[in-house]
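Enquirer: starting from these lines, generate the structure:
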Amino acid sequence: MPWSPVFTAYRRLFATPGALAFTCYGLIGRLSFSMLGVSLLTAIADRRHSYALAGTVAAAGLVGVALGMPLLGRLVDRYGQRRVTVPAALASAVPRASLPLLLHLGAPAWTLCAAALGASVAPNLGGMARARWAHLHRADPALLHRANALEQALDELCYLTGPVLGMLLCTTLFPEAGLLAVSLLSATGALLFATQRRTEPPLAPPPATGARSPLRIRGVLLLVAVFLGTGVVFGSLEITTLAWSAAHGRQSAAGLLLGLLAAGSGVSGLLFGLLPQAAAPVRRLLLSLAALAALLLLPLSVAVLGGGTGGGIGLLAAALFVAGTGTAPTMVSGLTLLQRLLPAATLNEGMAFAVSGIVTGISAGSALGGLLAQHERPGLGYLLPAGAAALALLVALAGAHRLRPERAGAGAGGRGRAGTGVGSGAAAGSGSRPAAGPENQLPPSAPGPTLPAWRARSATCAATPPARRPRGRR
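Expert: Residues are numbered from 1 along each chain as shown. You can find the predicted model right below:
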């Protein structure tokens, strides 16, 4: 299809003063997140010769994301983006800069895990960027929909180039070079992003006391379990691809393979985001999960049946590109459905739990994939993402009746349908439809970014709903 009309359609977004600046600065920080997974795994595997340790340290970092994201998201809602981003960026820069030093000096494994844990509690630039778009275009549903599609495409651009850049630095300079670049880019991008004050969303009034926990809302806990399964898919794909490449003497090609996986997700995500959303989100989620599970059989077949030698790398590259096309529709459908279930008052917290479920799954998938790569044939590790996708589909099928929003009391309780705008990662920035105030209403659904496997640190994607500043408050 001709792409020039598609790109031309996004040009209106940058007519808003400051939009181009916060987009570019946020892109710098998000690029560092996309580099971190491959840089960390490559450096540890090279220095310590253990994929099991590499997977464990990566898992520790993802646990930090899962624990820190809800806390930072709540602080952003309460104090604003700039007041949280600056201290959080500076605090996470210390353990992030110490990680390559500890690795180079041969420090104990527990110190690597502790540094990775602390480095992961960092500002979620992807979520805050989407919150800005939602604030700027809440009165124009079509333009907001387009902004969410653009953010998804930018996420995939990061995860197309990030793994390649990280692998290139680690293999051509020295093993810790990628980690040093990550530390510099993440701090620079976050601090520059925080300086963009004119596009920062205003503070929202504090939520009403006694609000229900998002996990107690019908269907939300089930969706978190589905996201946990898809996170296992993402985490195991990354380390399995790295192990397969190294086993066949093609370690430098691992970044390219993961980039193709991101490219497949980016193409399908951009096209899926530009399509009008149907009225059956549960069915879309089930179909997307089924497609993902089926597509993940391709890299498994190539690696096990045709990957006995390094010559199978071309077939594996094609298989990963095609398999990647199943991730974006799955994430967009699931996050859209979650936003429909959540009341406006708990949207940010609920989306944070969803992304925490994803990164917890990435943590488990990374650790399990590392163990399989250490003790079994490298290609056999692709059985793990295919099985995890199938399990997520079974969970969704078993609880499909709980995923339909309750209609009774929806208006009184503030449970409107929320606009999507969540991403890897993967993911945030959506508006909600409150019971009152038509100026705050957003479209029923809009595309959200994906959170693929190599997006291990982009957790990038907790939703941060836009809000208005109360009168008289500055």
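Enquirer: do I have it right that residue 331 meets residue 226?
Expert: No. Applying Cβ atoms under 8 Å as the test, residue 331 and residue 226 come out as separate, 10.5 Å apart. For glycine as for every other residue, the C-beta is placed from the backbone atoms N, C-alpha and C.
Enquirer: who has more neighbours out of the two?
Expert: Taking other Cβ atoms under 10 Å, residue 331 and residue 226 do not tie; residue 331 has more neighbours (35 against 27).
Enquirer: give me the below-cutoff pLDDT ranges for the stretch 201-350 of the chain.
Expert: Within the stretch 201-350 of the chain, the stretches with pLDDT under 70 are 204-213, 273-279, 306-311, 339, 342-349.
Enquirer: please, where are all the helices along it?
Expert: Taking DSSP state H, counting those that start in this stretch to define them, one finds helices in the stretch 201-350 of the chain at 220-247, 254-274, 281-295, 297-305, 313-324, 327-341, 347-375.
Enquirer: out of those helices, deepest packed?
Expert: helix 327-341 (a mean of 29; mean count of other Cβ atoms under 10 Å).
Enquirer: centre of the chain to that one, how far?
Expert: Distance of helix 327-341 from the chain centroid (Cα atoms, centre = their mean, to the nearest Å) equals 12 Å.
Enquirer: and it, what does it pack onto?
Expert: Here helix 327-341 touches helix 141-172, helix 220-247, helix 254-274, helix 281-295, helix 347-375, going by 3 or more Cβ pairs under 8 Å, 6 or more residues apart in numbering; DSSP states H and E.
Enquirer: how much does the last one deviate in direction from helix 220-247?
Expert: Going by axes from the mean of the first three to the mean of the last three Cα atoms, to 10 degrees, helix 347-375 is angled at 30 degrees with respect to helix 220-247.
Enquirer: show me what helix 347-375 is packed up against.
Expert: Helix 347-375 packs on helix 51-79, helix 220-247, helix 327-341, helix 383-398, going by 3+ Cβ pairs under 8 Å, 6+ apart.
Enquirer: before we move on, what about the third one?
Expert: In this structure, helix 254-274 makes packing contacts with helix 19-48, helix 141-172, helix 220-247, helix 313-324, helix 327-341, judged by 3+ Cβ pairs under 8 Å, 6+ apart.
Enquirer: same thing with the fourth one?
Expert: When contacts are defined as 3+ Cβ pairs under 8 Å, 6+ apart, helix 281-295 sits against helix 220-247, helix 327-341, helix 383-398.
Enquirer: would TSV of those with distance to residue 134 be doable?
Expert: Output for the helices and strands packed on helix 281-295, formatted as TSV (distance: least, Cβ to Cβ, whole Å):
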stretch	distance to residue 134
helix 220-247	21
helix 327-341	12
helix 383-398	27
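Enquirer: out of these, which is closest to residue 196?
Expert: helix 327-341 (25.3 Å; Cβ to Cβ).
Enquirer: the inter-axis angle of that closest one versus helix 383-398?
Expert: Orientation of helix 327-341 against helix 383-398 (the same axes, to 10 degrees) gives an angle of 30 degrees.
Enquirer: ok, residue 191 - how many residues close by?
Expert: The burial count for residue 191: 18, using other Cβ under 10 Å.
Enquirer: closest one to residue 373 among the helices and strands packed on helix 347-375?
Expert: helix 220-247 (3.4 Å).
Enquirer: and residue 43, how far from residue 329?
Expert: According to Cβ to Cβ, to the nearest Å, residue 43 and residue 329 sit 33 Å apart.
Enquirer: scratch that, residue 216 is what I was asking about
Expert: The value you get for residue 216 to residue 329, if Cβ to Cβ is used, is 28 Å.
Enquirer: same thing with residue 191?
Expert: 35 Å.
Enquirer: skip the chain neighbours and tell me the closest residue to residue 329.
Expert: residue 288 (4.2 Å; Cβ to Cβ, 6 or more residues apart in numbering).
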